[in-house]
Structures are given as C-alpha cells and as structure tokens.
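# Turn this into a model:
(chains A, B, C and D)
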Number of protein chains: 4
Amino acid sequence: MNNLKLGDKIFKSRLFTGTGKFSSNEIMKQAITASGSELVTMALKRIDIEDANDNMLQHLNIPGVNLLPNTSGVRNAKEAIFAAQLAREALETNWLKLEIHPDPKYLLPDGEETLKAAEELVKLGFHVLPYVQADPVLCKKLEEVGTAAVMPLGSPIGSNNGLQTIDFLKIIIKQSNVPVVVDAGIGAPSHAAAAMEIGADAVLVNTAIAVSPNPVEMAKAFKMAVEAGRMAYEAKLAEQSVGANASSPLTAFLENLD
Amino acid sequence: MNNLKLGDKIFKSRLFTGTGKFSSNEIMKQAITASGSELVTMALKRIDIEDANDNMLQHLNIPGVNLLPNTSGVRNAKEAIFAAQLAREALETNWLKLEIHPDPKYLLPDGEETLKAAEELVKLGFHVLPYVQADPVLCKKLEEVGTAAVMPLGSPIGSNNGLQTIDFLKIIIKQSNVPVVVDAGIGAPSHAAAAMEIGADAVLVNTAIAVSPNPVEMAKAFKMAVEAGRMAYEAKLAEQSVGANASSPLTAFLENLD
Amino acid sequence: MNNLKLGDKIFKSRLFTGTGKFSSNEIMKQAITASGSELVTMALKRIDIEDANDNMLQHLNIPGVNLLPNTSGVRNAKEAIFAAQLAREALETNWLKLEIHPDPKYLLPDGEETLKAAEELVKLGFHVLPYVQADPVLCKKLEEVGTAAVMPLGSPIGSNNGLQTIDFLKIIIKQSNVPVVVDAGIGAPSHAAAAMEIGADAVLVNTAIAVSPNPVEMAKAFKMAVEAGRMAYEAKLAEQSVGANASSPLTAFLENLD
Amino acid sequence: MNNLKLGDKIFKSRLFTGTGKFSSNEIMKQAITASGSELVTMALKRIDIEDANDNMLQHLNIPGVNLLPNTSGVRNAKEAIFAAQLAREALETNWLKLEIHPDPKYLLPDGEETLKAAEELVKLGFHVLPYVQADPVLCKKLEEVGTAAVMPLGSPIGSNNGLQTIDFLKIIIKQSNVPVVVDAGIGAPSHAAAAMEIGADAVLVNTAIAVSPNPVEMAKAFKMAVEAGRMAYEAKLAEQSVGANASSPLTAFLENLD
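The predicted model follows:
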C-alpha cells in the first residue's frame, strides 16, 4: 500500500483515531496502540493545559503517534482561532483539526465559519484539517485557502450510519488535490473499508472504538478493515451489476460420462 | 478470534474461496495462498477427472487447503447426486458445495431440488454445504436434514451488490444451529466485513478476487476484511442511531482563560 | 393506466388490501372503500363460518370488492388444502391467497410446501395467489403449475422496510408470465409506488393501513401512490446516474447586458 | 391535506415544477397543467427579456401558476443579486429561487455565496428560496436571514438517486421554522412520496418530468405521489421494525372442525 502524505508528513496508517469516550486513559492508550494510528485527535477542552503532568497527555506519549488537537466545542471562527493558538502553545504542534459546530445537539459543522477560520489559520502557519459536510464546493474552497486535507462526514456524527453521503464523497474525492479523510458516521469496520474502497485517503474513527465493550479488539478490527479497503482500492474492484454471467451447464459433461 | 467448526473440521480462516475466472492457474494458486483460505470450491466440470495430472488440481495442492467440489451446472437433484458421487470418487472427499440452478441466465438456486438432493446426499455420507436463497424456512429445513452449513446469498450472484438480503440473513443467523456462510453478491471487502459483523460464520468469495486486475492483493484485502468483521462481531459493535450526543461547549473553557 | 388481468377477472385497482389489525369492522370497511381496492384478503381463521351473519363478512359486502380468503396460520400443504376447501365452501369463491408459514415468529413462507399445495389447488380449480420469498426459480415453478399470480415479499412481513429484495423482484418481473404482486414489507406509500415503478402488477398492503392512526386517509394515500407508480412505469422513468449534466453559465447572458 | 403557506401565499399544491429540458413549450405547458403545480421555476437565462411576446412566457401564462425565476448559471453572490433584480424587473415578481453553482460540471450549490446573496436579497424585498446542500447549520442561517423557505437537495442534481441525504433532511425538517422544499435528485414519484412522508413541505421536480417519454402522464404521477406522501405524513406512518408479530396458528381452528 502507498503511504499517505499529509502536509509535510508521511503516514503509514490511514486510520486516524481520537481520545473521546474511552472508559479510562489506560484503555485509550492500549486501543490507540492496537489501532496502529499515527494521528490522534483530542479536544483542547479535555486537556489541563496548565499541568505538565496531565494524565491524558502522558497516555498519548506513544512512539509514532502525533497529536491532532481539535477545536470541538467552539461556535464560530473567532473562538476557533483562539482555541487553535492555545492548542499550539500548549501542545507544541501546528496540526489542527478544525471543528466548528454552533449547534450543541447534532454537532454538525458550520461551513461558513469553518472556511473563514481555515483561511486565517493557514496564514498563521497551521496545518488545518477541517471537519465539514460532504459539500464538494466547500471542500474545493478549503483546498484553495490551503488546508492540509478535507474531512467530510459520512453521516450525522454519532449515528454510526456509514456512508450515506457516498455520492458526494465520490465527487469530493474525484475533485480534490488534498487528502480526503472521511470523518463521522463510521460505526463499523465495514464502513471504514467502504470509504477506503471508493478512494478516501484516510478515515477518522473514535466513538465506534471507544464505546465498544472491547476497544482494543475493535481498534485492531478497524486497522485491518482500513488496510483491506485501501488494498482493494489500489488493486481495483470489479463493477457492480445486475445479475449473473451465463455459465455452462454440467449436462454435456454428465452425458460424456454415459 | 474463535475458530470455525464445520462438520468435523476446524478452520482458522473464515474466508472460503473458489477457482473460477482466474486468468491462469498460477495466479489462482498465488491468490488462494494469499487469501489464507482453507476451503476452496471448484466446479466438477472444470476437472479432467480421468487425468491424475490435471493441471488445476496440481495447483490446488496447497498445504492447509481443502477442496470443496461443487455441482455448479446441474439442473436438478438427480444430476446433483450423480455429480456428487463422481466428485467424491475423483477427489476423494466427502465435502460438497451443493448448487442447483436450472436457470442458466441468473444462476439462482432451486430450493426445492436442493432440499431433495441435500437429504439424499447427507444419507450418502456427504458433508453438504448448500447454496440457497436467503430463505429462513428453507435454511431451517436444510439444517434439519443434516447439512453441515447453509450458504444463503447476499444478492444475485455476480451482481457485486453486497448484502441486500441483510434482514433475512439476520433471521437465518439467529435461528441457525449450523454455520451460516454468505455466498454470492460479495463484491468488495467491505461487503465481506459487513457479513461477518452481523454474525455470519464465514463468507465465500470467488469472482471479486479472480476478476480483479490484481487478484493476489485483492485476496489479501478480503482476508483482512473478513478478520476485521469477525473481530468486530466478537468485540461487539455499537448500535446505529439517528444523531449526535450532546457535547459540552468550549465556551466555559475559553472564558476561564480570560 | 392499463387494467390488471388476473385469472379471468379484470381489475381497475392495483392495490390489494386485507382485513387484519383494524380497530373495528366499521373502520375496516371505510378504509377498504377509500382504498378503491377490488380484492381484499381475509384470514379464514377470522371468519365464523357457521354464522351466516358474521359481522366481518357483512362489512366486506362492498360493491366491487372481491374476497380473497387466505390460509394464514397453516403450517404445511395438507393443512392449506383443507383450509382452502373450507374457504371455498364458506365464501363461495375459487380465489385463494396461499400462505404457508410453519414459523409463528417471522411468518416467513415455506416455498416447498407452497409449491406442493399450489399444484394440488390448481387441479382443484382454485385461482391461487401464493405468498413466497422473492425467489425467481420458485416463482417460475409456481407459474408453471398454474398459479394465477405470484406474490413475492419485499422485506420481512411486518418490518415496513420496503423493497429490500428489489434486485430479485426485478428478475421475477422480467421472467414472469403471470402478474407479480408485491406482498409484505410495504410500510409506506413510497414503497408501494416504488414497487409499481419497477413493473410490479399490483401490491398488497394491509398492516400499514390498518395500524395507522388514520386508516381511511392512509388508504387513500396508498391508492394514489399505487396509481402514481403505475403511471410512472407506463410513462417510463429516466435512468439513475451519477451526476449533473453541464449547464450553460449565465455569464455570457449577463455580459450581453453590459 | 393542509395547505402550504410560503411567504404570504397559500398553495394547494406541494409539487413545484420547472421549465427546463422539455421537448417543446407546448408539451411543457401541458405537463405543468397536469402536475397541478402552482409554482414553476424558470431560468432567467432562458427568457428573452426584451421580447414581451417571449414564447416560453406565453406558455407559462396558466391560471393559478406563479413564476419562480431562478438564478441558475450565476457563479457568486454578486451575479446572483444582479440576476435577481433583472428577473424582478422583467417578470414583475419578488419571488426568487436562488441558485449559485460555480462548478459547471455537477451544478452543486455554493453555500457561502448563497448565504451572502440571500441576506442581501431579503433586504431588497425578495421572497428567497435558496437551493443548498442538505446542511442543517446552513439551512438555519438562511432561515435567520429571512428566506421564505430552504431547498436542500436529496442527492446530486440530475442523479435521480432519491433521498440519499435523508438523515440530514430529517434534522433540517425538525429544526426549521420555514418550509423545507426538497430539490434535486428526485427521479421517481416514489422519491417524491418519500420526501413528503418524512415531513418535507414540498418538492421541486423538473428533469424527471421533462425528460420522460411521456411528460404529461409523468406529471400526473408526481402530482399523485406528492399528495399520497403528504396524506401519509398527516395520517402518520407506522414505525419500521425488524420482523413479524406473532400470529395465531390455524391449527386450533382446524382441530375444532374435526
């Protein structure tokens, strides 16, 4: 499988994970390690940035794992930019998952504010990965202001409904010059594989791993599914069609035996 | 992952494969080896049973691989029983994939004749794996006459349309006391993973591997996807739902910084 | 719209209904009348066949409405044939919806027993409409023994999940020389319309009407949806595709105004 | 069925249509009449605004039909505002379907520019109906700047793929205080019915009618499907579920006869 190039970094793993909803930091660490993920997103609000010995951060000190702070919880571009700068200072990284969702119920992204914030953050030197609707026009604009990737959602966040936006994802993938990372809605390894099969560059999975009764095994399952989907994409899948090809009957064969 | 018990045999791999449509016997051998499959189906009609040096058979002489002759091409129970006996004699195996499709266009199974043949073949000492519609009542009857497994289809054979019969497959899996092997329609690793996630015991994949531009890589992809789906099933997936959980806003956090 | 010919009868309405699960016989009567249905199925077990003044039957005495007794509740061909004869005697009709479901939980049809009973009942002079899985081979066999129609299911009965078996329904419709009536799974007018759009000759809807808070309005809704779907089928739908056609920009137009 | 209130107008019909792609103006007129539509969109670019006798306009002079000029072809807010003003002057209507799609290939909407233009156009006194992605946050913002409705798409325009965005449409419908009109992707009457069943206030259908071999019949089919879906919504549909309810066997009944 080809590696993934994102900004100036090379990733072997195409599975990005997160830190939310694990039952303990220790299980989180084990699951992330099992996932093989090299990019792990964490909400700024979950870090005690004044405490150098923050427990979560210590558990994320895993060889090969890069932190991707996210702005989850901000409601507009202004808050996002402020949060991003705090994150950079606290975590000493330019990488940022940009999430702006004014609505606390469905946590759906605000495209307008995201675009505004992305433009500013790119100028401030961030590698921006914006979480957005599967909106091909918006994704193109984000690419044009210099984001390192685009992160369209597959279905409503937390729904585990898979790739409902698949037609739009295909258009985004076809048009994009930056990596496309499918985020949100991926509730099962089969969903992750399906995203990779249509040519997504990576997927981000957090909840489906964290809330499983067995997060470590589930992390391994996603790891394999992502690799399977990517290999299938590179090896090329057959087309879908309506029915069977004709097959020769066994009759002649049987008659020859008489 | 748990092993699969089928009849009196234990299988580590839950991916069954086939021999059809490969561009050469050599590529077939490599792909089957890469798939890790321990059970490989082959059409009786494709074997030159009078020739001990048959080329295909030599290529299937892979350590750990068991042959599963199939009756593809027969049109009724009588032909199937005759073909099964030929296969047993020629290949020295009691294992049989029972396929009866009178219709040469869509190759869809004939449930009535399959049930009749299965009953007879079980009496004749065969381990019968019947290919059938995702028909819960028929699957139950096949189990009752003593088949070693049931092999319901996911969507029309050759369609690559995945698990269209998923509601019926779930009922079959719930009711079955013998392994359920999803056969037909699995066109992508994501489909195979999805079948395993709902609790199928195994899947059979042939065409999607054989007709890929890169069968060996595709075989590996399916191997991983099947393992991923099985691991997810054992680790238990989260439920699908409609929307997001509420998340705390970052506002309070940001205000605290002022 | 073309009329439907079923056996020796001509029907204007392509919506068949049933008598189960209504909150009262009066509401049942109003809903059936509103549906415009000319063929209404009723379970033999629901009739007091010794009472000429049976209340349900009186309520089904609607001009233009034909009764279609069904064998719901029988577990095999023998019981079905006996029940059919009782129904004929009691209701003075040769028409019969043949339902055989040995499993009381999912009420899924037994194809083997259905075929056996159908063959016998045709010989006994019945117009047989068998309820079956969306199994193209079985449907062809039923046609060959002389059934007046075939009634494949769209999804598990009572699931309201619509046309999950659509690929199989399309094959059945393409191959059939007798009317194809989609039965079971139709939970919304849009499902009924979809069945008609792919060329089904009729649909049978009972539960979705009977359990609605407003059965009479729901019956009207299904009536219109069935007609809409049929009209669309006759007028021919456009193909599904991936994206948009190019459209000329307004730019030139705007520039011309300068 | 309840009427639809849009801005200050009351509509009996919940089917909006368009003028594109008909083979002739005469057939367009007949189809629109058959559809019962009271709101018909037309591209500004298709009108010869200097010619009071424009042929298309004459054909749209149908009693009860209101014109809804659209800005199809404009690439940004500035062009849209200019086009809107031209339309108002030429057609003497404040109603406007706002379409901004910078991308000539997929014709997908630009949310950012649409929001900007909508805000300005509302101030200029227009009744704005914006065509947008099924983006709940954007739809809320459009409502807040005063649009008369929102018009989220069901699937890529011209794809005829129906309601792929259904989860998002449900959120939009739940949150919206202005009518929600599903636009784009509706390729069959069953799709239109499905949109109405989930509570959409109206649908806009153009291509599926215009390119049918029989536009007049197809228009009638859509008319009925929209009414059917709306009636079902008002009468309330049953829930979708997994399987059947238990049913009493006929056995006891049959035994009683012995």
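# now the helices: where do they sit in the stretch 51-200 of chain A?
Secondary structure of the stretch 51-200 of chain A by DSSP state H, counting those that start in this stretch: the helices cover A:55-59, A:77-91, A:111-123, A:136-145, A:166-175, A:189-197.
# any idea of the angle the fifth one forms with helix A:189-197?
Comparing the axes of helix A:166-175 and helix A:189-197 via axes from the mean of the first three to the mean of the last three Cα atoms, to 10 degrees yields an angle of 40 degrees.
# Next, see if helix A:166-175 gets close to chain B.
No: on the criterion Cβ under 8 Å from any Cβ of the partner chain, helix A:166-175 is out of touch with chain B, staying 11.2 Å away. To be clear about C-beta, it is placed using only N, CA and C from the backbone, and glycine gets the same treatment.
# Let me know the angle separating that helix from helix A:136-145.
Helix A:166-175 runs at 30 degrees relative to helix A:136-145, counting by the same axes, to 10 degrees.
# What is helix A:166-175 packed up against?
Using 3 or more Cβ pairs under 8 Å, 6 or more residues apart in numbering or on different chains; DSSP states H and E, the elements in contact with helix A:166-175 are helix A:136-145, strand A:151-152.
# mind redoing it with 7 Å?
Helix A:166-175 sits against helix A:136-145, with contacts defined as 3 or more Cβ pairs under 7 Å, 6 or more residues apart in numbering or on different chains; DSSP states H and E.
# Is residue A:223 located within a helix, as I assumed?
Yes: under DSSP: H, G, I helix; E, B strand; the rest coil, residue A:223 sits within a helix.
# Residue A:231 versus the spatially most central residue of chain A, what's the distance?
By Cα atoms, centre = their mean, chain A has its centre lying nearest to residue A:204, at 2.1 Å. Distance of residue A:204 to residue A:231, given as Cβ to Cβ, to the nearest Å: 20 Å.
# Spell out which residues of the stretch 51-200 of chain A are next to chain B.
Residues of the stretch 51-200 of chain A found near chain B (Cβ under 7 Å from any Cβ of the partner chain) are A:72-75, A:79, A:82-83, A:104-107, A:156-161, A:187-190, A:193-194, A:197.
# are any of these buried, and which?
Neighbour-count burial (16 or more other Cβ atoms under 10 Å in any protein chain shown) applied to those gives A:72-75, A:79, A:83, A:106-107, A:156-161, A:187-190, A:193-194, A:197.
# so which of those residues also contact chain D?
Subset of these in contact with chain D: A:106, A:156, A:159, A:161, counting by Cβ under 7 Å from any Cβ.
# Quick check, the first one in contact with residue D:139.
No: in this structure, residue A:106 sits apart from residue D:139 without contact. The criterion is Cβ atoms under 7 Å, and the distance is 11.9 Å.
# which ones are touching residue A:116?
Contact analysis of residue A:116 by Cβ atoms under 7 Å, 6 or more residues apart in numbering or on different chains lists residue A:77.
# separation between it and residue D:100?
Using Cβ to Cβ, we find residue A:116 at a distance of 18 Å from residue D:100.
# Rounded mean pLDDT for stretch A:149-157, please.
On average, the pLDDT along stretch A:149-157 is 93.
# Contact partners for the closest residue to residue A:170 other than its chain neighbours?
Nearest non-adjacent residue to residue A:170, counting by Cβ to Cβ, 6 or more residues apart in numbering or on different chains: residue A:198, 5.7 Å away. Shown in contact with residue A:198 (Cβ under 7 Å, 6+ apart): A:166, A:169-170, A:173.
# ok, and the most crowded of those?
residue A:169 (24 neighbours; other Cβ atoms under 10 Å in any protein chain shown).
# wait, doesn't that residue sit right on residue A:155?
No: using Cβ under 7 Å, residue A:169 makes no contact with residue A:155, being 10.7 Å away.
# so what sits against both of these two?
Common neighbours of residue A:169 and residue A:155, using Cβ under 7 Å, 6+ apart, do not exist here.
# for the stretch 51-200 of chain A, which spans come out with low pLDDT?
Scanning the stretch 51-200 of chain A for pLDDT under 70 picks out A:51-54.
# Close to chain D: what parts of it are there?
Counting by Cβ under 7 Å from any Cβ, the stretch 51-200 of chain A sits next to chain D at A:102-103, A:106, A:108-112, A:115, A:133, A:135-138, A:155-156, A:159, A:161, A:164, A:167-168, A:171.
# Try it again at 10 Å.
The stretch 51-200 of chain A comes close to chain D at residues A:100-103, A:105-106, A:108-116, A:132-138, A:140-141, A:153, A:155-156, A:159, A:161, A:163-168, A:170-171, A:174-175, A:185, as judged by Cβ under 10 Å from any Cβ of the partner chain.
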